[in-house]
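A.B. asks: sequence and computational prediction follow.
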Amino acid sequence: MKTLVLTAAACALMAGAASAETIRLGTEGAYPPYNYIDDNGQVAGFERMLGDELCKRAELECEWVTNDWDSIIPNLLSGNYDAIIAGMSITPERAEKVDFSVNYTPPSYSSYAAMSEDADLTGGIVAAQSSTIQSQYVVDTGATLLEFPSFEDSLAAMLSGEADAVFADKDTLVPVVEEDPTVMWAGEDIALSVGIGMAFRKSDPDLRAKFDAGIEAMKADGTLNAMIKEYLGEDSPGF
């Protein structure tokens with residue numbers, strides 16, 4: 001009978017593999033150019049590239065998990081993934097539930113897009129994605145808010161005439177305005193947040209610190225600015 005003998009080195013290797021932790025990154029997969037699902041069914045976009053680079057710098061094994069926007073924070077808190085990287089603006093209200101990383105985009109603009117430059121933005125009907133800073137702003141202006149679970153649905157409402165305009169992060173609207181000659185900017189650009197960051201459970205300060213360090217290093221060496229320009233556009237604010 002052959003006897004299987006595990007050497008000390010092999011045992012150490014197995015113990016290491018068993019203790020290795022995979023960090024799960026939660027994203028929506030429906031908010032281009034920040035995150036979306038490509039033709040191969042994989043998460044792609046600015047935040048995919050950023051997240052992979054941050055994991056590489058922190059020497060972490062990471063995998064991507066997609067989740068609907070409306071439940072993205074509850075499912076972080078329940079443990080379905082370990083961090084959110086999903087175009088989430090840093091706000092005091094969200095910070096009551098989660099801890100944010102340092103921002104990986106500077107304060108950026110939100111904008112209106114419509115089929116007419118004269119669209120009624122304060123007395124008309126404006127579409128926006130639910131549970132966003134844009135949807136709350138629409139309510140505050142006095143306009144009638146049409147909320148949808150995704151950016152694509154809110155955009156479709158404007159294109160179909162169900163809404164007079166759509167209000168969203170300007171970076172998400174730039175490709176629409178540039179590619180569709182019937183769509184144009186309406187009103188002024190508006191700054192609503194201090195930027196976008198990753199979100200973590202308040203019980204995971206060490207994990208947050210690892211990603212903070214990576215973001216700060218990418219700011220310092222210029223790679224984050226280069227990534228912003230490549231994926232969000234030449235006119236998107238940089239550090």
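C.D. replies: All right, it came through fine.
A.B. asks: got the domain ranges for this protein?
C.D. replies: According to automatic domain parsing, the chain comprises the domains 24-106+195-232, 109-191.
A.B. asks: surely S130 and F148 touch.
C.D. replies: Yes: at 6.5 Å, S130 counts as touching F148 under the criterion of Cβ atoms under 8 Å. C-beta coordinates here come from the backbone N, C-alpha and C atoms, glycine included.
A.B. asks: in terms of neighbours, single out the busier of those two.
C.D. replies: F148 (20 against 16; other Cβ atoms under 10 Å).
A.B. asks: partner residues bridging A165?
C.D. replies: A114, V126 (DSSP bridges).
A.B. asks: no no, I37
C.D. replies: Here I37, judged by DSSP bridges, has bridge partners V43.
A.B. asks: list the contacts of it.
C.D. replies: Residues near I37 by Cβ atoms under 8 Å, 6 or more residues apart in numbering: 29-30, 43-44, 66.
A.B. asks: what about it, distance to V65?
C.D. replies: 12 Å (Cβ to Cβ, to the nearest Å).
A.B. asks: next one: N75
C.D. replies: Distance, N75 to V65, by Cβ to Cβ: 9 Å.
A.B. asks: show me what whichever strand or helix holds P175 is in contact with.
C.D. replies: Following DSSP states H and E, the helix or strand that holds P175 is helix 170-179. Residues from elsewhere that reach helix 170-179 (Cβ under 8 Å, 6+ apart): 31-34, 87, 108-111, 113, 151, 155, 166, 183-185, 189, 232-233, 235-236.
A.B. asks: ok now it, how far from the chain's centre?
C.D. replies: How far helix 170-179 lies from its chain's middle: 16 Å, per Cα atoms, centre = their mean, to the nearest Å.
A.B. asks: strands of this structure, start to end?
C.D. replies: Here the chain has its strands, by DSSP state E, at 22-27, 30-31, 35-37, 43-44, 61-66, 83-84, 99-100, 109-114, 125-129, 144-148, 165-169, 184-191, 199-200.
A.B. asks: could I get these as TSV with mean pLDDT and distance to Q136?
C.D. replies: Below are the strands of the chain laid out as TSV (pLDDT from 0 to 100; distance: least, Cβ to Cβ, whole Å):
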stretch	mean pLDDT	distance to Q136
strand 22-27	97	22
strand 30-31	96	17
strand 35-37	98	22
strand 43-44	98	27
strand 61-66	98	24
strand 83-84	98	19
strand 99-100	98	18
strand 109-114	96	11
strand 125-129	98	9
strand 144-148	98	9
strand 165-169	97	10
strand 184-191	95	12
strand 199-200	98	18
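A.B. asks: next, format the ones you listed as JSON lines and append distance to E178.
C.D. replies: Converted to JSON lines, the strands of the chain look like this (distance: least, Cβ to Cβ, whole Å):
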{"stretch": "strand 22-27", "distance to E178": "24"}
{"stretch": "strand 30-31", "distance to E178": "17"}
{"stretch": "strand 35-37", "distance to E178": "17"}
{"stretch": "strand 43-44", "distance to E178": "19"}
{"stretch": "strand 61-66", "distance to E178": "26"}
{"stretch": "strand 83-84", "distance to E178": "29"}
{"stretch": "strand 99-100", "distance to E178": "31"}
{"stretch": "strand 109-114", "distance to E178": "11"}
{"stretch": "strand 125-129", "distance to E178": "20"}
{"stretch": "strand 144-148", "distance to E178": "22"}
{"stretch": "strand 165-169", "distance to E178": "15"}
{"stretch": "strand 184-191", "distance to E178": "11"}
{"stretch": "strand 199-200", "distance to E178": "30"}
